[in-house]
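**Student:** Sequence and predicted model, in that order:
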Amino acid sequence: KNSQRRAAQDFSYSLEQIKSLMNKIRSHPLHAIQDATQLINFISNKLFHHNNITLHLISDLPNAETFYYHSLNVTTLSMLIAKLSGKTIQEINLLGIAALFHDIGNMSIPSAIFRKPSYLSNPELNIFKLHPIYSVKLLNLSSSLKDEVKEIIAAQHERLDGTGYPKGLMGSDISELTQL
């Protein structure tokens, strides 16, 4: 019972941190990267030192909160998969930062496209598919972010068979961490 309560508190803390740093990324990118690093270290510590980590995967969320929950869930799951795959703590933390910011480019997608309840037209879909590039552009505001993080983010929708986007990379052209 105590571990469940602590996990819920950790989740709430992490969610508030994500909200704060996502709001900082445009105005104070260096601070946002520093805050993200602290959050990833916090999550990493939980993954490595607590056997009873509870994953909160939320599917029925208010629209305004979905982005933050998604970012936290993708981050936690990516880091957990990396840990279970035998990656080093440095690799796990690198992947965690990339996962945390992987969809930040969605802020640059017009809301009429991003929040459209029906299927996107081909031109709208082409605009949406630019979000990994927009993510990297936003993150370029900070010179302190490692290039490997930006490479993971840029290739997040690539597929081993070359059918992904934005570049249509194949196989070994997609880094191992990106594949996770």
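**Tutor:** Ah, there it is. Keep in mind the model is a prediction, meaning the values are calculated, not measured. Numbers count the residues shown, from 1 in each chain.
**Student:** Would you map the strands across this structure?
**Tutor:** Counting by DSSP state E, the chain forms no strands at all.
**Student:** how about low-confidence regions in it?
**Tutor:** Applying pLDDT under 70 to the chain flags the ranges 1, 3, 50-65.
**Student:** please redo it, this time with the cut-off set to 90
**Tutor:** Low-confidence segments of the chain (pLDDT under 90): 1-35, 42-73, 76-77, 107, 114-115, 141-145.
**Student:** wait, what's in contact with Gly164?
**Tutor:** 155, 157-158 (Cβ atoms under 8 Å, 6 or more residues apart in numbering). The way it works is simple: take the backbone N, C-alpha and C, and place the C-beta from them, glycine included.
**Student:** Show only the entries of these found in helices.
**Tutor:** Using DSSP state H, the subset of those located in helices is empty.
**Student:** Closest one of those to Ile18?
**Tutor:** Closest approach between those and Ile18, by Cβ to Cβ: His157, at 21.1 Å.
**Student:** Quick one: neighbours of that closest one, just the number.
**Tutor:** 16 (other Cβ atoms under 10 Å).
**Student:** And it, its phi and psi?
**Tutor:** The phi/psi pair for His157 (degrees, to the nearest 10) reads phi -110, psi 10.
**Student:** follow-up on the earlier one: which single one of the contacts of Gly164 is nearest to Arg5?
**Tutor:** For those, the residue nearest Arg5 by Cβ to Cβ is His157; the value is 36.9 Å.
**Student:** With distance to Lys167 added, can I get the contacts of Gly164 in a markdown table?
**Tutor:** A markdown table is the format used below for these (distance: Cβ to Cβ, whole Å):
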| residue | distance to Lys167 |
| --- | --- |
| Ala155 | 7 |
| His157 | 10 |
| Glu158 | 7 |
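**Student:** So the nearest residue to Ala98 once chain neighbours are set aside versus His28, what's the distance?
**Tutor:** Distances taken as Cβ to Cβ, 6 or more residues apart in numbering place Ile152 nearest to Ala98, at 3.8 Å, with adjacent residues excluded. Ile152 is 23 Å from His28, where distance means Cβ to Cβ, to the nearest Å.
**Student:** rewinding a little: report how many residues lie close to the residue nearest to Ala98.
**Tutor:** Ile152 has 26 neighbouring residues, counting by other Cβ under 10 Å.
**Student:** got it, and Pro166?
**Tutor:** By other Cβ under 10 Å, the residues close to Pro166 number 16.
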